[in-house]
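Q: Test case, fold it:
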Amino acid sequence: MARYAAPWDRKLKLSTGLFVLLLAGVGGWIVSQGMGPEPEALPGPLLAVPVLLAAIVLLAWALAPRGFSVEIGRVRVERRLWPIEIPLREVRSAEALSDDALRGSARVLGAGGAFGYYGRFWSRRLGHYRLYATRFSGLVRLVTSRGTFVLSPDPAGRFVEEVLAHVPSARPVAPLEPGPEPGLRRAWLLPAGLGAAVALSVGGVMVASWAWAPRSVSVVGGEVVVERQWAGPERIRLASVREVRLLSGADFRGWRRVAGVANLGRVSYGSYRSDALGTFQLYHWRRGPHVLLETGDGKVVVTPDDWRAFVNDVRTGLGQAPLPAAP
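A: As a prediction, this is how the structure comes out:
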């Protein structure tokens, strides 16, 4: 058995680093939203996004080729998960490819630039093929009875010689002639796939954040009900409210987020803290005014559309006199 390395080229090192940094950045931002003594303030779906991003990185790493071998009866693409085996009896031809052989290729399904280039691809010169590579030079094409494989063993020439020695019926073929300049250059290189993955991740974060965003507050049937965009409402028992009042300027000093979402447009919500109020739950969907509810379970700050009507509804529910009429 002979083993062949799969060294990375410079482009793969750069694209893999960018891929990991971008996903780590998105995941780190989400985790930072949930840091603090009350991480439950972060919407449930958002908590799953960092785990999903980590799973994407781990899966891309586990499925990437990390070496090749020619064994008795088979060529093996070494991977940490689900290695690929190509029976030698199925090999019809083997050849070393020129460095421009993959130009104009388009990815059908697979990864391009995250720990390797692998999956199903298509080009006019090669047709449909399965790629397991870590660079764009020193490539080998194996034509088999079940399709074409393009690999990147090092050294490529010795790999081809060994395959042909194990399969007397296989034939070497002449190198591919350079084709016309393609309109699509190396479509598998990071921009499309990585851009789509990051866009989906960020889009999922934004959608989940918006789903939990507050949009109104009212007093209904003995409860203060905070309506949210798509998620179910947050309900506060009116009987638990001890005090309701309009916040003053001094109450706003030193506000900082503990866990939750900040500045999603005009929306902020989650667990916050200030020098004057201590820890409180914020439901902010407009600039204000801000109304504080002191409850048995803690402090809640909301931004009702009509603060005076809201405060009077709460006071009426508590059996208190309404506020004096505005001068």
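
Q: switch to C-alpha atoms for all contacts and neighbour counts from now on
A: Will do.

Q: Residue 58 is in what secondary structure piece?
A: According to DSSP states H and E, residue 58 maps onto helix 44-63.

Q: who does that helix touch, helix- and strand-wise?
A: For helix 44-63, the elements it packs on are helix 10-33, helix 191-211, judged by 3 or more CA pairs under 8 Å, 6 or more residues apart in numbering; DSSP states H and E.

Q: can you do 10 Å?
A: For helix 44-63, the elements it packs on are helix 10-33, strand 106-112, strand 117-123, helix 191-211, judged by 3 or more CA pairs under 10 Å, 6 or more residues apart in numbering; DSSP states H and E.

Q: Mind checking the pLDDT average for the last one?
A: The predicted model gives helix 191-211 an average pLDDT of 67.

Q: which element follows that helix toward the C-terminus?
A: Toward the C-terminus, helix 191-211 is succeeded by strand 214-220 as the next helix or strand (DSSP H and E).

Q: Just the CA atoms of that next one, as CSV, please.
A: The C-alpha coordinates for strand 214-220 follow below in CSV (Å, rounded to 0.1, in the frame of the first residue of the first chain):
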residue,chain,number,x,y,z
PRO,A,214,-41.9,43.5,20.8
ARG,A,215,-44.4,45.7,18.9
SER,A,216,-47.1,46.8,21.4
VAL,A,217,-48.2,46.6,25.0
SER,A,218,-51.7,46.6,26.5
VAL,A,219,-53.7,45.7,29.6
VAL,A,220,-56.1,42.8,28.8
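
Q: Go through that strand and flag the buried ones.
A: 214, 215, 216, 217, 218, 219 (16 or more other CA atoms under 10 Å).

Q: Pick out the least confidently modelled helix or strand of this structure, by mean pLDDT.
A: The weakest-scoring helix or strand in the chain, judged by mean pLDDT, DSSP states H and E, is strand 171-172 (a mean of 63).

Q: could you give the angle of the helix holding residue 58 to helix 10-33?
A: 160 degrees (axes from the mean of the first three to the mean of the last three CA atoms, to 10 degrees).

Q: what about whichever strand or helix holds residue 130, average pLDDT?
A: Secondary structure from DSSP H and E places residue 130 in strand 127-133. What strand 127-133 shows for mean pLDDT is 95.

Q: List the strands paired with that strand, with their directions.
A: Sheet pairing for strand 127-133, assigned by DSSP bridges, gives strand 117-123 (antiparallel), strand 147-151 (parallel).

Q: so who does residue 279 touch?
A: 37, 38, 255, 256, 257, 258, 271, 272, 273, 298, 299, 300 (CA atoms under 10 Å, 6 or more residues apart in numbering).

Q: Any idea how many residues pack against the residue nearest to the last one when sequence neighbours are not counted?
A: In other words, residue 300. Leaving aside its chain neighbours, residue 300 sits nearest to residue 281 (4.7 Å; criterion: CA to CA, 6 or more residues apart in numbering). By other CA atoms under 10 Å, 23 other residues sit near residue 281.

Q: what's the angle between the strand or helix carrying residue 68 and strand 147-151?
A: Here residue 68, judged by DSSP H and E, is contained in strand 67-71. Going by the same axes, to 10 degrees, strand 67-71 is angled at 120 degrees with respect to strand 147-151.

Q: domain assignment for the chain?
A: Here the domain parsing of the chain from automatic domain parsing is 2-203, 213-317.

Q: just checking, which of these comes out with the lowest mean pLDDT?
A: What stands lowest among these, in mean pLDDT terms, is domain 2-203, with a mean of 82.

Q: circling back: partners of the residue nearest to residue 300 in the sheet?
A: For residue 281, the beta-bridge partners are residue 271, residue 300 (DSSP bridges).

Q: who's in contact with it?
A: Contact partners of residue 281, counting by CA under 10 Å, 6+ apart, are 38, 41, 257-260, 269-273, 292-293, 298-302.

Q: likewise residue 51?
A: Going by CA under 10 Å, 6+ apart, residue 51 touches residue 27.

Q: Stretch 140-159: how far from the chain's middle?
A: 33 Å (CA atoms, centre = their mean, to the nearest Å).

Q: same question, stretch 8-15
A: The answer for stretch 8-15 is 21 Å, by CA atoms, centre = their mean.

Q: List the buried residues of it.
A: By neighbour count on 16+ other CA under 10 Å, the buried set for stretch 8-15 is 8, 12, 13, 15.

Q: quick one on the thing from earlier: can you put the strands paired with strand 127-133 in JSON lines and add mean neighbour count?
A: As requested, those are arranged in JSON lines below (neighbours: other CA atoms under 10 Å):
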{"stretch": "strand 117-123", "mean neighbour count": "21"}
{"stretch": "strand 147-151", "mean neighbour count": "22"}
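
Q: Please name whichever of those is nearest to residue 314.
A: Proximity to residue 314 (CA to CA) singles out strand 117-123 among the strands paired with strand 127-133, at 61.3 Å.

Q: Quick one: work out the angle between that closest one and strand 106-112.
A: Using the same axes, to 10 degrees, one finds that strand 117-123 and strand 106-112 are set 170 degrees apart in direction.

Q: what residues does strand 117-123 touch?
A: By CA under 10 Å, 6+ apart, the residues outside strand 117-123 that reach it are 12, 60, 63-65, 101-112, 127-136, 148-152, 182, 184, 187-190.
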